[in-house]
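# Would you be able to build a 3D model of this:
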Amino acid sequence: MSAQKTVTPDAEGLVASINATKSRGLPPVHLWNPPFCGDLDMRIARDGTWFYEGSAIERPNLVKLFSSILKLENGKFYLVTPVEKVGITVDDAPFVALDFEVSQTGTDQELVFETHVGDHVVAGADNEIRVVRHPETGEPSPYIHIRAGLEALIDRKSFYRLIDLGEHENEWFGVRSGGVFFPIIPSADLEEA
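Numbers count the residues shown, from 1 in each chain. Okay, here's the model as predicted:
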């Protein structure tokens, strides 16, 4: 009888597995349900920097590759391939929205956001904008949904640009995109500031 070999998850093994299944577009991680192989010493900081074993990952293409196999399950983040699933730590949101463009489609405006890993999404019914306020300081943290429950923190300069596009609706100040109004702050709170 042979002893079962224990495999310790590592970044190199993930890269090899991803490359073996490489196809156009994002991998179908929603279809993959491999066994959990343990946690990997990988962390995504609030500013979008990825760290492996305490060192920043300096290769943008590697970060983009890892971000393509990111999955959120029951509030925990994983990197998933067809054969393994490893847990990672995410300080806030896994992505950062660095910019957005405003386009006009008929009478509706669309806000098209770009993340630090090259994702592009249109804010709307499928990709909602939400703002969370810190309970003690009131500091806003704006987010946009990117895909499959994964969000991007909207960077400060982009948030200020959103505020410039804001309007009042139903006692809220917010922005509109894709026919959807996204509330940012109650209008009354804005008047007090």
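# May I see the buried residues of stretch 63-75?
Buried residues in stretch 63-75, counted by 16 or more other C-beta atoms under 10 Å: 63, 65-72. To be clear about C-beta, it is placed using only N, CA and C from the backbone, and glycine gets the same treatment.
# Check stretch 134-151 too.
Within stretch 134-151, the residues that qualify as buried are 142-147, 150-151, counting by 16+ other C-beta under 10 Å.
# end-to-end on stretch 72-89?
11 Å (C-alpha to C-alpha, to the nearest Å).
# Tell me which of the buried residues of stretch 63-75 fall in helices.
63, 65-67 (DSSP state H).
# Tell me the buried residues in the helix or strand hosting Phe182?
Assigned by DSSP states H and E, Phe182 belongs to strand 180-186. Within strand 180-186, the residues scored as buried using 16+ other C-beta under 10 Å are 180, 182-185.
# which among the residues you listed gets closest to Pro135?
Here the nearest of the buried residues of strand 180-186 to Pro135, counting by C-beta to C-beta, is Ile185; it sits at 15.0 Å.
# need the contact list for the closest one.
131, 140, 172-174 (C-beta atoms under 8 Å, 6 or more residues apart in numbering).
# mind checking pLDDT for it?
With respect to pLDDT, Ile185 has a value of 89.
# Could you do Val131 as well?
96.
# Dump the buried residues of strand 180-186 into CSV; add distance to Trp32 as well.
Shown next, in CSV, are the buried residues of strand 180-186 (distance: C-beta to C-beta, whole Å):
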residue, distance to Trp32
Val180, 31
Phe182, 32
Pro183, 36
Ile184, 36
Ile185, 39
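# so which of those comes closest to Trp50?
Phe182 (28.1 Å).
# That closest one: what's it in contact with?
So Phe182 contacts 123, 128-130, 174-176 (C-beta under 8 Å, 6+ apart).
# Just the buried ones from the residues you listed?
Using 16+ other C-beta under 10 Å, the buried ones in the contacts of Phe182 are 123, 129, 174-176.
# how long is stretch 76-96 end to end?
For stretch 76-96, the end-to-end distance is 18 Å (C-alpha to C-alpha).
# next one: stretch 70-85
Termini of stretch 70-85 sit 10 Å apart (C-alpha to C-alpha).
# now stretch 56-65
15 Å.
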